[in-house]
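Enquirer: sequence unavailable; structure follows:
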């Protein structure tokens with residue numbers, strides 16, 4: 001259970017468990033059932049502010065608001081629906097920042113791609129988010145609200161959550177793990193349906209395994225490592241931060257993570273036309289995967305204005321996949337979604353910020 005927080009101004013109730021909210025009510029001089037009422041209205045009824053929880057005494061609601069305590073929902077700034085029904089939401093935070101989240105529907109599932117930070121410090125060249133640097137990490141309520149907001153907007157229960165939006169989750173790991181706990185226990189999304197994606201932070205993966213076990217018990221979520229290159233030189237060209245984390249050490253830490261958790265690691269590989277999608281790269285990648293309990297997820301690049309990288313042809317993607325399969329590598333190709341509506345991560349947010357700056 002998440003440790004009960006010390007409440008101060010701008011404290012949020014979203015992200016707390018039923019037990020936490022009961023304790024909060026008692027701390028406030030109310031009966032424990034008032035905490036259960038708050039819980040129901042936040043997680044089942046989607047209350048956006050304390051005034052809407054009409055079962056609570058108005059005097060107490062006013063007192064909480066005067067103390068700066070709030071539910072902690074985000075403000076919707078813009079929603080965009082692509083031709084394939086992919087939803088992009090721009091959400092406003094309490095301090096005037098903008099974050100981006102995506103709902104990706106199919107017939108049988110609804111995946112929510114959530115952000116863990118406002119911006120990102122990693123500077124991956126193919127990513128629009130990293131072009132603006134990092135502003136701050138997101139709080140638990142700001143992460144969880146992205147899932148609730150997609151649920152409300154699409155009027156459909158999310159089945160999967162991927163931490164693949166803005167930011168590097170391992171640089172906000174405590175709030176990410178607390179969010180996973182809330183999504184699992186309070187929103188009803190099984191931990192096995194949650195994926196945490198990282199570009200790799202030196203010496204963190206073994207610590208992640210231990211911390212996740214402490215916070216969540218048995219680790220069941222999927223770890224996805226953004227590899228994107230089969231050798232160190234090429235990886236540094238695509239991911240400048242990789243210069244401080246040699247690929248050999250990254251893979252060593254991945255094996256330690258697997259040993260500690262018993263969970264398979266997924267490797268993300270974005271295909272950049274003419275750069276890292278050649279046959280030799282597929283062969284090098286297959287060699288890296290030898291002896292691994294792993295899976296490779298291929299992603300065709302979605303172009304951004306700031307870079308000259310090209311999207312690979314479909315035939316090149318198919319050939320790359322076939323070469324890996326022939327080498328015995330478990331591999332899949334992620335279908336591109338929302339390409340007609342600023343598909344690349346962070347593009348919609350950057351376009352909105354650029355427009356605001358012009359105005």
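Expert: That came in fine, so what should we check first? Values in this document were obtained by computation on a predicted structure and should not be read as measured data. Residues are numbered from 1 along each chain as shown.
Enquirer: once you drop chain neighbours, what's closest to residue 264?
Expert: residue 293 (4.8 Å; C-beta to C-beta, 6 or more residues apart in numbering). Bear in mind the C-beta positions are built from the backbone N, C-alpha and C, glycine included.
Enquirer: isn't that neighbour up against residue 261?
Expert: No - with contacts counted by C-beta atoms under 8 Å, residue 293 stays clear of residue 261, the gap being 10.4 Å.
Enquirer: between these two, which is the more surrounded one?
Expert: Neighbours around residue 293 and residue 261, counted as other C-beta atoms under 10 Å, are more numerous at residue 261. The numbers are 21 against 14.
Enquirer: how about the contacts made by that one?
Expert: Residue 261 is in contact with 209, 212, 213, 219, 223, counting by C-beta atoms under 8 Å, 6 or more residues apart in numbering.
Enquirer: just the buried ones from those, in ChimeraX syntax?
Expert: In ChimeraX, this line selects whichever of the contacts of residue 261 come out buried by 16 or more other C-beta atoms under 10 Å:
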select :209,212,219,223
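Enquirer: make JSON lines out of the contacts of residue 261 and add distance to residue 191, pLDDT and secondary structure.
Expert: Below are these laid out as JSON lines (distance: C-beta to C-beta, whole Å; pLDDT from 0 to 100; DSSP: H, G, I helix; E, B strand; the rest coil):
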{"residue": "209", "distance to residue 191": "14", "pLDDT": "96", "secondary structure": "helix"}
{"residue": "212", "distance to residue 191": "10", "pLDDT": "97", "secondary structure": "helix"}
{"residue": "213", "distance to residue 191": "12", "pLDDT": "96", "secondary structure": "helix"}
{"residue": "219", "distance to residue 191": "8", "pLDDT": "95", "secondary structure": "coil"}
{"residue": "223", "distance to residue 191": "12", "pLDDT": "97", "secondary structure": "strand"}
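Enquirer: which of the contacts of residue 261 sits closest to residue 128?
Expert: Nearest to residue 128 out of the contacts of residue 261 is residue 223 (C-beta to C-beta; 23.8 Å).
Enquirer: can you list the weak-confidence ranges in the stretch 251-359 of the chain?
Expert: In the predicted model, the stretch 251-359 of the chain carries pLDDT under 70 at residues 306, 337-359.
Enquirer: now do the same contact list for the residue nearest to residue 264.
Expert: 258, 264, 265.
Enquirer: again with residue 264
Expert: Contacts of residue 264 (C-beta under 8 Å, 6+ apart): 222, 258, 293, 294, 295.
Enquirer: neighbour-wise, which of those leads?
Expert: residue 294 (21 neighbours).
Enquirer: ok, which stretches of the protein are strands?
Expert: 75-81, 87-92, 98-105, 110-113, 117-119, 134-137, 160-163, 194-198, 222-226, 265-271, 294-300, 331-334 (DSSP state E).
Enquirer: follow-up on the earlier one: let me have the contacts of residue 293 in CSV, adding distance to residue 136 as columns.
Expert: Supplementary listing: the contacts of residue 293 in CSV, determined by distance: C-beta to C-beta, whole Å:
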residue, distance to residue 136
258, 32
264, 32
265, 28
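Enquirer: TSV for the strands of the chain, including distance to residue 318?
Expert: Below are these laid out as TSV (distance: least, C-beta to C-beta, whole Å):
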stretch	distance to residue 318
strand 75-81	29
strand 87-92	28
strand 98-105	22
strand 110-113	24
strand 117-119	34
strand 134-137	37
strand 160-163	24
strand 194-198	24
strand 222-226	22
strand 265-271	11
strand 294-300	10
strand 331-334	8
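Enquirer: nearest to residue 174, of those?
Expert: Evaluated over those, closeness to residue 174 peaks at strand 134-137, with 9.3 Å, by C-beta to C-beta.
Enquirer: the closest one: which residues count as buried?
Expert: Neighbour-count burial for strand 134-137 [16+ other C-beta under 10 Å]: 134, 135, 137.
Enquirer: quick one: strands adjacent to it?
Expert: Applying DSSP bridges to the sheet, strand 134-137 is found paired with strand 117-119 (antiparallel).
Enquirer: so how far is the strand it pairs with off the chain centroid?
Expert: Relative to the mean C-alpha coordinate of its chain, strand 117-119 is positioned 11 Å out (C-alpha atoms, centre = their mean, to the nearest Å).
Enquirer: what is the rounded mean pLDDT of that strand?
Expert: Averaged over strand 117-119, pLDDT sits at 95.
Enquirer: hmm, who's touching that strand?
Expert: Under C-beta under 8 Å, 6+ apart, the answer for strand 117-119 is 93, 97-99, 129-130, 132-138, 166-168, 171-172.
Enquirer: buried ones among those?
Expert: Neighbour-count burial (16+ other C-beta under 10 Å) applied to those gives 93, 97-99, 129-130, 132, 134-135, 137-138, 166-168, 171-172.
Enquirer: which one of the residues you listed sits closest to residue 254?
Expert: Checking these one by one against residue 254 (C-beta to C-beta), the nearest turns out to be residue 168, at 16.2 Å.
Enquirer: ok, that closest one - contacts?
Expert: Counting by C-beta under 8 Å, 6+ apart, residue 168 has contacts 116, 117, 120, 121, 122, 198, 199, 201.
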